[in-house]
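Chemist: Mind looking at a prediction? Sequence and model below.
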Amino acid sequence: MRNAHTVEQVRAAEGLLLDALPEGTLMRRAASGLAFAVLDFLGGGYGRRVLLLVGSGDNGGDALYAGAALARRGAGVEALLLGGDTVHRRGLAALLAEGGRVVADVAGAHLPDVVVDGIVGIGGQGGLRPDAVAVVEHLRGVPVVAVDVPSGVDVDTGEVAGPHVEAAVTVTFGTHKIAHLVDPAARACGAVHLVDIGLDLPPAPVLALQASDVAALLPVPDAAGHKYTRGVVGVRAGSAQYPGAGVLCVSGASTGLVGMVRYDGGADALVHACHPEVVVGAGQVQAWVVGSGGGADAAKALARSRADGVPLVVDADGLAAVDGPLDVPALLTPHAGELARMLGVDRAEVEAAPLRHARAAAERFAAVVLLKGRHTLVAEPGGRVAVTTVAPPWLATAGSGDVLAGLCGALLAAGLTPFDAGAVGSWLHGAAAATAGAGGPVTAPDVAAAVPTVCRALLAPSHV
Ligand SMILES: NC(=O)C1=CN([C@@H]2O[C@H](COP(=O)(O)OP(=O)(O)OC[C@H]3O[C@@H](n4cnc5c(N)ncnc54)[C@H](O)[C@@H]3O)[C@@H](O)[C@H]2O)[C@@H](O)CC1
Ligand SMILES: [K+]
């Protein structure tokens, strides 16, 4: 599991350790991990030119101590102090003692090989200040290693209000922060490298499943089970207008993770022709998937499915019929535009603050909300948020959402909670796209077809 904690949680955990350890121990741990990451990025220290951007707090202190270590390895290290008269004094003394120097500005200077961004970390408030914006702009094109977070992003929300650092690598300490997982800030982090500094942390509000977590949650058949004990998922998706959505939703449901798939939508001839294993017609199910390509019939399909009292996945056209708290366990799977309509806001607002809006929708509709995106969010009411980070950008293709809805429905029918079904379903969906595409394009049917291959790899320990 990759855990992301809030600033408050990190500060509390750091406070306990600071009391227990000799002064400066934590910062030395952090700075030494940072220095190794910069050396790794540069492929060595000797002869390299490093520019430290140093703010007034401990984030700047980390940069200065790491700069001292890099200077000791033969790098030419310069520091630009952006905190006015305030600087981490001991860090600065350490840098100067190793031959580093302070520069007054970067305007006429040769560009360095790497910039270390120690402007602000978890103590940053309100985006980059104008002097920092000008420096960052001047250095555009030079790779940046960010200390803890790229300066200028909002650490606890993943929101980005204005200009900010765009890092090639972010070196963080103790645990991930929410900005490392949640877009748009996550896009500014580059590769995130975690340095262990020995923090003891409470459960994380935001997490990202890893392959071993997904393997542990994957429903596997009981030796004495039969198709009904494995679960039956029902699909009410597709219509005369959008028959393909019914087929794709069924292909996501029919990837072998449940004992049986039932289809009760408006595209039965095509579904049956493409999926002879599917039983056509209403009947008993453990979960319904409603709405993908459902057209005008989606509202009726949602009402009938709710009346059955089983857990639901509600997608696409079905979402327009969700007007208040749901009375059954449910997973809603909107993209940003659909979530914006559900909440009565603009799409751009959702894209700028996906975590805030996914959480708000989970509260309003009393359901788990899976907000599709580059980093898909799965938010439960008042609770955790899972972020799926494994999907390649090629997955943004027509019909892939229908496959996801069907896949999540199968996991619900197999007995997973809506939260786990959303987190596991979106992970399998992303991993299947990566497997099928192998670095190149995929289509929605390719994604569904690759799900069993991904599951096979997860279940064979040597392949995880
Ligand atoms: N507390 C600890 O034990 C550890 C902290 N570490 C480092 O310390 C950082 C946190 O240090 P601080 O609490 O000193 O906070 P920061 O260094 O993140 O920033 C706070 C300082 O920046 C100023 N500031 C706030 N917003 C600003 C803005 N928008 N532009 C310019 N300046 C701004 C504040 O006036 C304050 O002086 C972490 O991110 C991490 O890098 C690490 O050394 C690990 C151990
Ligand atoms: K920083």
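Modeler: Perfect, I can see it now. Residues are numbered from 1 along each chain as shown. Ligands and ions are numbered 1, 2, ... in the order given.

Chemist: Which of the helices or strands spans residue 50?
Modeler: strand 49-54 (DSSP states H and E).

Chemist: could you say what helices and strands that strand packs with?
Modeler: helix 58-72, strand 76-81, strand 114-118, helix 130-138 (3 or more Cβ pairs under 8 Å, 6 or more residues apart in numbering; DSSP states H and E). For glycine as for every other residue, the C-beta is placed from the backbone atoms N, C-alpha and C.

Chemist: interface residues of the chain facing ligand 1?
Modeler: 14, 18, 26-27, 30, 55-60, 62, 120-127, 129, 147-148, 173, 197 (Cβ under 6 Å from any ligand atom).

Chemist: Show the buried residues in the residues you listed.
Modeler: 14, 26-27, 30, 55-60, 62, 120-122, 124, 127, 147-148, 173, 197 (16 or more other Cβ atoms under 10 Å).

Chemist: The strand holding residue 50 vs strand 114-118, what angle?
Modeler: 20 degrees (axes from the mean of the first three to the mean of the last three Cα atoms, to 10 degrees).

Chemist: Strand 49-54 vs strand 76-81, what angle?
Modeler: Using the same axes, to 10 degrees: strand 49-54 against strand 76-81 is 20 degrees.

Chemist: And strand 49-54, how far out from the chain middle?
Modeler: 30 Å (Cα atoms, centre = their mean, to the nearest Å).

Chemist: Next up, the contacts around residue 443.
Modeler: 397, 399 (Cβ atoms under 8 Å, 6 or more residues apart in numbering).

Chemist: Output the below-cut-off pLDDT ranges for the stretch 351-464 of the chain.
Modeler: 461-464 (pLDDT under 70).

Chemist: Hmm, residue 32 is touching residue 69, no?
Modeler: Yes: with contacts counted by Cβ atoms under 8 Å, residue 32 reaches residue 69, the gap being 6.5 Å.

Chemist: on that earlier part again, quick one: contacts of the strand holding residue 50?
Modeler: 38, 42, 60, 63-64, 66-67, 70, 75-83, 87-88, 92, 95, 100, 103, 106, 110, 112-119, 132, 135-136, 139, 142, 151.

Chemist: Just the buried ones from those residues?
Modeler: 38, 42, 60, 63-64, 66-67, 70, 75-83, 87-88, 92, 95, 100, 106, 112-119, 132, 135-136, 139, 142, 151.

Chemist: Do me a favour and get the backbone dihedrals for residue 173.
Modeler: Residue 173 has phi and psi values of phi -130, psi 130 when expressed as degrees, to the nearest 10.

Chemist: Distance check, it against residue 26.
Modeler: Here residue 173 is placed at a distance of 8 Å from residue 26 (Cβ to Cβ, to the nearest Å).

Chemist: Residue 165 too?
Modeler: 23 Å.

Chemist: Could you list the contact residues of the protein toward ligand 2?
Modeler: Neighbours of ligand 2 within the chain, by Cβ under 5 Å from the ion: 117, 146-147, 151.

Chemist: Narrow the residues you listed to those in strands?
Modeler: Using DSSP state E, the subset of those located in strands is 117, 146-147.

Chemist: out of residue 32 and residue 69, which sits in the busier spot?
Modeler: Set residue 32 next to residue 69 and count neighbours by other Cβ atoms under 10 Å: residue 69 wins out with 22 against 16.

Chemist: and the more buried one, what does it touch?
Modeler: Counting by Cβ under 8 Å, 6+ apart, residue 69 has contacts 31-32, 35, 98.

Chemist: Now with 6 Å, please.
Modeler: residue 35 (Cβ atoms under 6 Å, 6 or more residues apart in numbering).

Chemist: any idea how far it lies from ligand 2?
Modeler: 17 Å (Cβ to the ion, to the nearest Å).

Chemist: Need the residue closest to the centroid of the chain.
Modeler: Residue closest to the average C-alpha location in the chain (Cα atoms, centre = their mean): residue 387, at 3.5 Å.

Chemist: Dig out what it forms beta bridges with.
Modeler: Taking DSSP bridges as the rule, residue 387 bridges to residue 377.

Chemist: before we move on, back to that, give me the common contacts of residue 173 and residue 26.
Modeler: residue 197.

Chemist: Share the number of residues neighbouring residue 216, please.
Modeler: Applying other Cβ under 10 Å, I find that residue 216 has 11 neighbouring residues.

Chemist: ugh, typo on my part, it should be residue 368
Modeler: Quick note: residue 368 (other Cβ under 10 Å) scores 32 neighbours.

Chemist: and if you look at residue 268?
Modeler: 16.

Chemist: what sits against the nearest residue to it once chain neighbours are set aside?
Modeler: Spatial nearest neighbour of residue 268, chain neighbours left out: residue 280 (4.9 Å); criterion: Cβ to Cβ, 6 or more residues apart in numbering. Contacts for residue 280 (Cβ under 6 Å, 6+ apart) come out as 263, 268, 272.

Chemist: next one: residue 161
Modeler: Residue 161 neighbours (Cβ under 6 Å, 6+ apart): residue 127.

Chemist: at 10 Å instead, please
Modeler: Taking Cβ atoms under 10 Å, 6 or more residues apart in numbering, we find residue 161 in contact with 126-128, 152-154, 352.

Chemist: and those residues, which two are the farthest apart?
Modeler: 128 and 352 (17.0 Å; Cβ to Cβ).

Chemist: Next, the buried residues of the one helix or strand residue 452 maps to.
Modeler: If you go by DSSP H and E, residue 452 is part of helix 444-459. Across helix 444-459, burial judged by 16+ other Cβ under 10 Å covers 444-451, 454-455, 458.

Chemist: cool, and stretch 38-53?
Modeler: 38-39, 41-42, 45, 48-53.

Chemist: hmm, back to that, of the contacts of residue 161, which is the most crowded?
Modeler: residue 153 (32 neighbours).

Chemist: what are the ranges of the strands in the stretch 101-250 of the chain?
Modeler: Listed in chain order, the strands of the stretch 101-250 of the chain (DSSP state E, counting those that start in this stretch) span residues 101-103, 114-118, 144-147, 169-173, 176-177, 191-195, 206-208, 232-236.

Chemist: gap between the last one and the chain center?
Modeler: Relative to its parent chain, strand 232-236 has a centroid offset of 28 Å by Cα atoms, centre = their mean.

Chemist: Next: the fourth one.
Modeler: For strand 169-173, the distance between its averaged C-alpha position and the chain's averaged C-alpha position is 16 Å (Cα atoms, centre = their mean).

Chemist: buried set for the longest helix along the chain?
Modeler: If you go by DSSP state H, the chain has its longest helix at helix 418-437. Judged by neighbour count (16+ other Cβ under 10 Å), helix 418-437 contains these buried residues: 418-437.
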